[in-house]
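Asker: predicted model and sequence follow; I will ask about them next.
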Amino acid sequence: MHIQIDLLTQLTYEDIHLLLQESLEEGYAFVDRLTNEYFSGINRFTNRGEALFGVYNEEEQLIAIGDINRDSYSKEPQVGRMRRFYVKKSVRRKGIGTELAETILDYAQYYFSTIVIHTDSDEAASFYQSLGFVQTSYYEKSSHAFHFA
């Protein structure tokens, strides 16, 4: 499967609506939060180091999404938070999530010294640990952290 990972400077409802619908059907509200925050202007990823990434398939359909923000729970400006990470169900376990996460981490290393995430899913925890995240309770409202060397 050929994919393209883009730094999104403009998100459209047309692009995200299928991911949004599927995520809600799975019981995940975070893509809905991303959509609402983006279209309301609350979070447009315009601050230093913040970015929204999308993965597109050969048909130019958005099949995965993820973002990086400064961690709003931390007083340390060098701590970023990877959030709103979602991969379409039909393309999971094909390396797309790993490529997207590695792209986000590669981008984030120029702005942050630590990236945190929060998950309460064992499957997601295993995924993030495979990328080098370590389980920690040091950072508020975080379950895992990745420290750049």
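Answerer: Done, it's in.

Asker: what about stretch 37-56, start to end distance?
Answerer: Chord length of stretch 37-56, first to last residue, is 22 Å (CA to CA, to the nearest Å).

Asker: could you pull out the buried residues of it?
Answerer: Using 16 or more other CB atoms under 10 Å as the test for burial, stretch 37-56 gives 38, 43, 45, 49, 50, 51, 52, 53, 54, 55, 56. (C-beta placed from N, C-alpha, C; glycine too.)

Asker: contact partners for the third one?
Answerer: Looking back up the chat, that one is residue 45. 51, 52, 67, 69 (CB atoms under 8 Å, 6 or more residues apart in numbering).

Asker: with the last one instead?
Answerer: Residue 56 makes contact with 3, 4, 5, 6, 62, 63, according to CB under 8 Å, 6+ apart.

Asker: and the residues you listed as a markdown table, adding distance to residue 114 and pLDDT?
Answerer: Output for the contacts of residue 56, formatted as a markdown table (distance: CB to CB, whole Å; pLDDT from 0 to 100):
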| residue | distance to residue 114 | pLDDT |
| --- | --- | --- |
| 3 | 28 | 97 |
| 4 | 29 | 98 |
| 5 | 23 | 98 |
| 6 | 25 | 98 |
| 62 | 28 | 97 |
| 63 | 28 | 98 |
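
Asker: so which of those comes closest to residue 31?
Answerer: residue 62 (10.6 Å; CB to CB).

Asker: helices of the protein, start to end?
Answerer: 13-25, 30-40, 96-108, 122-130 (DSSP state H).

Asker: got these as CSV, with distance to residue 87 and mean pLDDT columns?
Answerer: Shown next, in CSV, are the helices of the chain (distance: least, CB to CB, whole Å; pLDDT from 0 to 100):
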stretch, distance to residue 87, mean pLDDT
helix 13-25, 9, 96
helix 30-40, 11, 96
helix 96-108, 5, 98
helix 122-130, 10, 95
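
Asker: tell me the most buried of the ones you listed?
Answerer: The highest average neighbour count among the helices of the chain, using mean count of other CB atoms under 10 Å, belongs to helix 96-108 at a mean of 18.

Asker: neighbouring contacts of that helix?
Answerer: 1, 3, 5, 7, 49, 51, 53, 55, 63-64, 66-68, 80, 82, 85, 87, 115, 127-128, 130-131, 146.
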